[in-house]
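A.B. asks: could you work out the structure for the sequence below:
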Amino acid sequence: MPRKIRLNRRSHRIALVLLAFAAGSAPAFAQGTLTVLHSFNGLGTEGLAPHCTLVETSPGIFYGTTSLGPGRGSGGTFFSITAAGAMATLHAFNPATDGNSPEGRMVQARDGNLYGANTLGGSGGKGTIFRSDLSGNITVLQSFSGANGSQPFSLFPASNGNFYGTDEGGGKAGLFFRMTLAGALTNIYSFTNAQGTPSSPVVQASDGNFYGTTTGGTQDNIYRITKSGVVTIIASFPSGALPANGLKQAANGDLYGVTQIGNNPAGFGSVFRVTTAGALTTIHSFTNGLDGGVPQTGLVQATDGNIYGTTSQGGSAGGGTIFQITTTNTFTTKHNFILADGIDPETSSAGLLQGSDGKLYGVTVSGGTSNGGTVYSYDLGLAKPKPRIAGFSPTSGPVGVTVLLSGANFLGASAVTFNGTAATFTVEGASYISTTVPAGATTGAIKVTTPNGTAASKTNFTVQ
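C.D. replies: Got it, this is the predicted structure:
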């Protein structure tokens with residue numbers, strides 16, 4: 001089967017139904033249970049060809065976008081879907097006003113709203129950044145015209161409360177920018193032609209800096225950039241490797257990512273690990289055989305400590321795979337996609353999500369019952385993710401003051417306490433809880449209890 005390389009993330013491609021994909025084929029190496037939650041058809045209000053990472057806003061409720069629809073010539077949709085497969089189209093993007101062709105990961109910010117990017121369209125014709133509530137009411141925060149940037153990637157919600165992101169069409173060779181929740185945009189750095197064009201969204205690492213990838217320069221690069229825009233190239237690939245899918249910092253502090261084509265003799269992509277100091281290691285080189293080929297999605301670290309990702313082709317039926325990388329760098333193919341599952345799980349700058357139920361959730365661009373792509377879950381019997389408190393603000397205050405907790409896996413929280421005293425609270429998504437210092441509270445740790453466990457802050461909140 002010929003290689004399919006997505007050189008331009010704007011060129012949405014619906015894979016043809018190939019005779020090689022037999023709907024009744026039994027996937028080799030299957031070690032979990034894949035369930036198709038929904039097959040898109042593009043009819044009525046429904047979209048098709050999802051290019052997104054799902055975001056879970058409360059237990060078992062997910063949101064995502066399709067890059068096309070309703071109908072194959074339209075601008076895409078914003079949808080919700082439950083873990084049981086109940087799907088609803090909440091908004092159809094108007095290319096002239098909202099923008100069109102949404103891709104990548106929407107993020108839920110501390111205000112409870114979802115934020116995302118359209119890669120094309122809008123009043124400036126070069127893409128938009130939008131905000132949506134959970135009912136699908138869209139507000140365009142930025143329309144790109146070229147002068148202020150062009151073709152934005154997904155946003156990253158940083159520890160200081162702002163968003164940071166990149167685009168691939170602004171400035172000399174793409175821009176690094178900051179945006180407030182209100183939509184105020186500041187361009188911080190313009191990449192040079194020699195450095196290459198940003199090819200993925202950025203991720204903020206534990207050192208406070210941002211990391212991303214570029215392509216098209218003298219080499220393809222992994223870079224570090226500070227909030228003020230100081231860029232350091234920490235590692236490089238041969239030009240044409242296409243590390244275009246974002247990086248994931250694992251619990252060991254290292255960054256993991258994939259290349260789509262280069263950096264290996266077979267030319268079908270690789271999985272790599274890089275330290276924040278720039279030590280680069282290739283973990284696996286894809287052959288386009290049973291291991292898959294041409295990975296085009298970001299990676300996720302699940303509760304078992306292993307890294308999971310997908311390939312866009314290869315495997316026993318040619319429709320792509322789900323793979324696992326262990327903490328000791330052992331590679332295993334976990335699932336082979338067939339036509340009934342959906343095929344071609346390629347979605348630039350997106351990837352798998354581990355839900356609050358422990359299952360992995362993802363999308364395919366095509367295949368399924370109507371060849372419009374699917375949403376699926378994959379159950380490996382993984383432990384449910386436990387809550388984690390990363391910080392809180394302010395760090396001190398009197399009874400009645402509002403405190404914002406940040407962290408992970410807060411969905412379904414049933415209790416928040418200040419040194420043992422119960423507080424009122426609102427879950428603002430998986431990463432944020434807004435709470436109020438209760439009467440009778442004393443200085444001590446803040447704790448959050450969810451169905452999956454209890455987390456305590458590493459530092460004390462001081463009651464004044």
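A.B. asks: what about this structure, any weak spots by pLDDT?
C.D. replies: Flagging of the chain using pLDDT under 70 yields the residue ranges 1-30, 72-73, 263-266, 345-350.
A.B. asks: can we see that at 80?
C.D. replies: Residues of the chain that meet the criterion pLDDT under 80 lie in 1-31, 71-73, 244-245, 262-266, 342-350.
A.B. asks: what segments of it are helices?
C.D. replies: Along the chain, counting by DSSP state H, no stretch forms helices.
A.B. asks: any idea how far residue 41 lies from residue 62?
C.D. replies: Note on residue 41: its distance to residue 62, by CB to CB, to the nearest Å, is 19 Å. In short, each C-beta sits where N, CA and C put it, glycine included.
A.B. asks: neighbour count for these two, which is higher?
C.D. replies: residue 62 (23 against 17; other CB atoms under 10 Å).
A.B. asks: got the contact list for the closest residue in space to the more buried one that isn't next to it in sequence?
C.D. replies: The shortest distance from residue 62 to any non-neighbouring residue, by CB to CB, 6 or more residues apart in numbering, is to residue 54 (4.4 Å). Counting by CB atoms under 8 Å, 6 or more residues apart in numbering, residue 54 makes contact with 62, 63, 64, 81, 353, 361, 362, 363, 375.
A.B. asks: now swap in residue 331 and tell me
C.D. replies: By CB under 8 Å, 6+ apart, the contact set of residue 331 is 271, 283, 284, 291, 323, 324, 325.
A.B. asks: quick one: residue 398 and residue 439 touch, right?
C.D. replies: No - checked against CB atoms under 8 Å, the pair residue 398 and residue 439 is beyond contact range at 10.4 Å.
A.B. asks: related to what we said a few turns ago, backbone dihedrals for the residue nearest to residue 62, please?
C.D. replies: Dihedral pair for residue 54: phi -70, psi 150, per degrees, to the nearest 10.
A.B. asks: how much space between it and residue 360?
C.D. replies: 10 Å.
A.B. asks: list residues touching both of those two?
C.D. replies: In contact with both residue 54 and residue 360: residue 353, using CB under 8 Å, 6+ apart.
A.B. asks: with adjacent residues omitted, what lies nearest to the residue of the chain most remote from its centre?
C.D. replies: In the chain, the residue that sits farthest from the middle, by CA atoms, centre = their mean, is residue 440; the gap is 40.8 Å. In space, and not counting its chain neighbours, residue 440 is closest to residue 421: 5.2 Å by CB to CB, 6+ apart.
A.B. asks: swap in residue 40?
C.D. replies: With CB to CB, 6+ apart as the criterion, residue 40 has its nearest non-adjacent residue at 3.7 Å, and that residue is residue 372.
A.B. asks: so the one you found is in contact with residue 41, correct?
C.D. replies: Yes - counting by CB under 8 Å, residue 41 is a contact partner of residue 372 at 5.1 Å.
A.B. asks: got any residues that touch both of those two?
C.D. replies: Counting by CB under 8 Å, 6+ apart, the residues touching both residue 372 and residue 41 are residue 48.
A.B. asks: is residue 77 bridged to anything, and to what?
C.D. replies: Taking DSSP bridges as the rule, residue 77 bridges to residue 66, residue 92.
A.B. asks: what residues are up against it?
C.D. replies: 45, 46, 47, 65, 66, 69, 70, 89, 90, 91, 92, 93.
A.B. asks: is it true that the fourth one touches residue 53?
C.D. replies: No - using CB under 8 Å as the test, residue 65 is too far from residue 53 to be in contact (9.8 Å).
A.B. asks: what touches both of the two?
C.D. replies: When contacts are counted by CB under 8 Å, 6+ apart, residue 65 and residue 53 have residue 106 as shared neighbours.
A.B. asks: of the contacts of residue 77, which is the nearest to residue 233?
C.D. replies: The shortest gap between residue 233 and any of the contacts of residue 77 belongs to residue 65, at 32.0 Å (CB to CB).
A.B. asks: OK, contacts around the closest residue to that closest one other than its chain neighbours?
C.D. replies: Closest residue to residue 65 apart from its sequence neighbours, by CB to CB, 6+ apart: residue 102 at 3.9 Å. Contact partners of residue 102, counting by CB under 8 Å, 6+ apart, are 51, 52, 65, 66, 67, 76, 78, 93, 116, 117, 118, 119.
A.B. asks: beta-bridge partners for residue 102, please?
C.D. replies: Applying DSSP bridges to residue 102 yields these beta-bridge partners: residue 118.
A.B. asks: now do the buried residues in stretch 136-148.
C.D. replies: Buried residues in stretch 136-148, counted by 16 or more other CB atoms under 10 Å: 136, 138, 140, 141, 142, 143, 144, 148.
A.B. asks: which stretches of the stretch 201-350 of the chain form strands?
C.D. replies: For the stretch 201-350 of the chain, strands defined by DSSP state E, counting those that start in this stretch occupy the ranges 203-204, 210-215, 220-225, 231-237, 248-249, 255-259, 270-274, 280-285, 300-301, 307-311, 321-325, 331-336.
A.B. asks: I'd like the ones you listed as a markdown table, with distance to residue 461 appended.
C.D. replies: Shown next, in a markdown table, are those (distance: least, CB to CB, whole Å):
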| stretch | distance to residue 461 |
| --- | --- |
| strand 203-204 | 24 |
| strand 210-215 | 29 |
| strand 220-225 | 32 |
| strand 231-237 | 36 |
| strand 248-249 | 27 |
| strand 255-259 | 32 |
| strand 270-274 | 36 |
| strand 280-285 | 41 |
| strand 300-301 | 29 |
| strand 307-311 | 34 |
| strand 321-325 | 38 |
| strand 331-336 | 42 |
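A.B. asks: for residue 32, which of those is the nearest?
C.D. replies: Residue 32 lies closest to strand 331-336 among the strands of the stretch 201-350 of the chain, at 6.2 Å (CB to CB).
A.B. asks: compute the inter-axis angle for the closest one and strand 280-285.
C.D. replies: With axes from the mean of the first three to the mean of the last three CA atoms, to 10 degrees defining the directions, strand 331-336 sits at 50 degrees from strand 280-285.
A.B. asks: direction included, what does strand 331-336 pair against?
C.D. replies: Assessed with DSSP bridges, strand 331-336 is paired to strand 321-325 (antiparallel).
A.B. asks: CA atoms of the partner strand as CSV?
C.D. replies: Below are the C-alpha coordinates for strand 321-325, written out as CSV (Å, rounded to 0.1, in the frame of the first residue of the first chain):
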residue,chain,number,x,y,z
THR,A,321,-3.0,0.7,14.4
ILE,A,322,-3.0,1.5,18.0
PHE,A,323,0.4,0.9,19.6
GLN,A,324,2.0,0.9,23.0
ILE,A,325,5.4,2.0,24.2
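A.B. asks: residues contacting residue 428?
C.D. replies: So residue 428 contacts 108, 110, 111, 112, 434 (CB under 8 Å, 6+ apart).
A.B. asks: which of those count as buried?
C.D. replies: 108, 110, 111, 434.
A.B. asks: sorry, back to before: output the contacts of residue 428 as a markdown table; include the columns distance to residue 132.
C.D. replies: Output for those, formatted as a markdown table (distance: CB to CB, whole Å):
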| residue | distance to residue 132 |
| --- | --- |
| 108 | 10 |
| 110 | 15 |
| 111 | 12 |
| 112 | 11 |
| 434 | 19 |
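A.B. asks: among those, which one lies nearest to residue 449?
C.D. replies: Using CB to CB, the contacts of residue 428 come closest to residue 449 at residue 434, 16.1 Å.
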